[in-house]
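S.K.: Dropping a prediction and its sequence here:
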Amino acid sequence: MKTLNDFNFKDKKALIRVDFNVPLNEKFEVTDATRIVSAKPTIIKVLEDGGSCILMSHLGRPKGVEEKYSLKHIVNKIEDILGVEVKFVEDCVGPKAEEAAANLQPGEILLLENLRFHPEETAGDKAFAEQLSKLGDIYVNDAFGTAHRAHASTTIIAQFFPDHKCFGKLLAQEIESINKVMQTGEKPVLAVLGGAKVSSKITIIENILDKVDHLIIGGGMTYTFVKAQGGSVGDSICEDDKMELALEILKQAKAKNVQIHLPVDVIAANDFANDADTKIVDVNAIPDGWQGLDCGPKSNAIFHDVVMQCKTILWNGPLGVFEMENFAGGTIALGNSIAEATKNGAFSLVGGGDSVAAVKQFGFENKVSYVSTGGGAMLESLEGKTLPGIAAILD
Ligand SMILES: Nc1ncnc2c1ncn2[C@@H]1O[C@H](COP(=O)(O)OP(=O)(O)OP(=O)(O)O)[C@@H](O)[C@H]1O
Ligand SMILES: O=C(O)[C@H](O)COP(=O)(O)O
């Protein structure tokens with residue numbers, strides 16, 4: 001396994017895949033910079049060797065070029081954190097990117113525009129990966145948060161650097177920490193799955209059923225399961241085409257003796273806004289025109305009891321729309337429960353862009369055992385398979 005220390009970057013251009021998919025507010029300000037701070041040791045090592053850094057990342061899930069997902073919004077934040085000027089080029093491939101990369105001098109940093117402005121990125125297109133590869137001398141993957149994606153910049157690109165590819169410091173550290181949990185995770189094991197990426201994460205549940213004893217399903221994940229069982233979810237986020245899978249998961253969990261805990265009550269709102277009217281309703285009786293945006297008090301109490309029984313706790317995805325004060329209660333309650341369990345000796349691992357933002361915002365960062373930059377990546381690691389971004393470096 002080649003790491004950063006296996007290379008001297010003097011006069012070399014390091015092409016570094018970072019995961020700067022950070023949460024932004026409506027003014028495009030970074031609300032949690034953990035993923036940028038975490039990449040700093042890798043970037044500094046390259047600069048200290050006398051090399052230069054070409055940083056590439058995605059931001060959000062844009063459909064083509066969408067201004068709100070431009071990485072230009074985070075240039076100042078990166079500069080603040082690194083204390084070095086960051087040059088920005090408004091494309092990640094083509095003449096402009098090639099010229100900016102060619103002109104880069106030792107000690108300098110160049111940030112490329114959002115990779116996902118080109119659909120070839122997520123398609124894992126080989127020609128696009130080859131174009132990217134031309135920009136640097138050594139490929140460094142430091143994007144743990146995106147290591148579960150077989151995309152052009154995370155996986156396919158590695159084949160163009162057969163002898164010049166390595167893990168960044170963050171990725172190496174994350175692999176080590178997750179391996180430790182996998183090997184020593186004491187039972188009962190609990191996974192808490194919330195958030196809003198229903199379709200991409202529901203498929204992971206099936207694969208981690210063999211590893212857990214309890215599963216709390218909350219946040220936006222809730223409603224596909226509730227509707228699949230005949231409940232009324234009003235306007236809550238729901239993936240109808242995943243309802244069959246949700247039923248299958250419930251069936252499999254029963255067969256495998258995994259206890260699934262869904263919210264029993266929710267805070268429903270008549271608008272996706274902090275000042276919306278709200279009411280507490282049973283999870284399966286949300287009226288039309290209303291949407292579940294947080295767990296209710298009965299659910300929080302049930303989840304507390306489950307958390308306190310468990311010795312290993314993995315958490316990805318907030319239990320409500322915590323960015324809005326009125327819907328942060330479930331996430332805070334869960335954070336408190338996990339902090340208490342950790343104090344009592346449980347091992348707790350929290351991961352994901354927004355989950356980490358929540359943990360920091362509510363002061364739980366030092367009350368959990370480990371904070372990972374990866375959400376989906378952390379969950380997929382738990383399946384026990386080598387993530388594509390990691391496998392591509394090991395090849
Ligand atoms: N009931 C809900 N309805 C709508 N959105 C919700 C609900 N509950 C939580 N969310 C939203 O889920 C988002 C976070 O989900 P996500 O799955 O992206 O988690 P994450 O920690 O960022 O993980 P990853 O790093 O894999 O993206 C938050 O912005 C939060 O507002
Ligand atoms: O936030 C994440 O989990 C990573 O940046 C990956 O994002 P994605 O789920 O849009 O691929």
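M.R.: Perfect, thanks for sending it. Numbering: from 1, shown residues only. Ligands and ions are numbered 1, 2, ... in the order given.
S.K.: So which residues on the chain come close to ligand 1?
M.R.: Within the chain, the positions near ligand 1 by C-beta under 6 Å from any ligand atom are 145, 194-197, 219-220, 237, 292-293, 316-318, 320-321, 323, 352-355, 375-376. Using the backbone N, CA and C atoms, a C-beta is placed for each residue, glycine as well.
S.K.: Kindly recompute the last result at 5 Å.
M.R.: Taking C-beta under 5 Å from any ligand atom as the criterion, the chain approaches ligand 1 at residues 195-197, 219-220, 237, 317-318, 320-321, 352-355, 375-376.
S.K.: Can I get the buried ones among those as something I can paste into ChimeraX?
M.R.: Restricted to buried positions by 16 or more other C-beta atoms under 10 Å, the ChimeraX selection for the residues of the chain next to ligand 1 reads:
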select :195,197,219,220,237,317,318,320,321,352,353,354,355,375,376
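S.K.: show me which of the residues of the chain next to ligand 1 neighbour ligand 2.
M.R.: Applying C-beta under 5 Å from any ligand atom to these, those adjacent to ligand 2 are 353, 375-376.
S.K.: Inside helices: which ones of the residues you listed?
M.R.: Using DSSP state H, 353, 376 are the members of those that sit in helices.
S.K.: just the ones next to ligand 2 among the residues of the chain next to ligand 1 now: which is nearest Leu15?
M.R.: Gly353 (22.6 Å; C-beta to C-beta).
S.K.: who's in contact with the nearest residue to Asn344 once chain neighbours are set aside?
M.R.: Closest residue to Asn344 apart from its sequence neighbours, by C-beta to C-beta, 6 or more residues apart in numbering: Met308 at 7.6 Å. For Met308, the contact set (C-beta atoms under 8 Å, 6 or more residues apart in numbering) comprises 337, 340-341, 344.
S.K.: And those residues, which of them are buried?
M.R.: Among those, those buried by neighbour count (16+ other C-beta under 10 Å) are 337, 341.
S.K.: can you put the contacts of Met308 in CSV and add secondary structure, pLDDT and distance to Gln173?
M.R.: CSV is the format used below for the contacts of Met308 (DSSP: H, G, I helix; E, B strand; the rest coil; pLDDT from 0 to 100; distance: C-beta to C-beta, whole Å):
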residue, secondary structure, pLDDT, distance to Gln173
Ser337, helix, 98, 27
Glu340, helix, 98, 27
Ala341, helix, 98, 24
Asn344, coil, 97, 26
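S.K.: how close does the residue nearest to Asn344 get to ligand 2?
M.R.: In this view, Met308 and ligand 2 are 28 Å apart by C-beta to the nearest ligand atom, to the nearest Å.
S.K.: quick one: the strands in the stretch 251-395 of the chain?
M.R.: Assigned by DSSP state E, counting those that start in this stretch, the stretch 251-395 of the chain shows strands spanning 259-261, 265-269, 278-282, 285-286, 291-295, 312-316, 347-351, 370-372.
S.K.: Would you tell me which of these gets closest to Lys12?
M.R.: Between these, strand 370-372 lies closest to Lys12; by C-beta to C-beta that is 29.2 Å.
S.K.: any idea how far the closest one is from the chain center?
M.R.: Chain-centre distance of strand 370-372: 11 Å, with C-alpha atoms, centre = their mean, to the nearest Å.
S.K.: same question, stretch 176-189
M.R.: How far stretch 176-189 lies from its chain's middle: 19 Å, per C-alpha atoms, centre = their mean.
S.K.: what do you get for stretch 298-305?
M.R.: That offset, for stretch 298-305, works out to 25 Å (C-alpha atoms, centre = their mean).
S.K.: Same question for stretch 143-163.
M.R.: Worked out by C-alpha atoms, centre = their mean, stretch 143-163 lies 16 Å from the chain centre.
S.K.: Let me know the average pLDDT across that stretch.
M.R.: Here stretch 143-163 scores 97 as its mean pLDDT.
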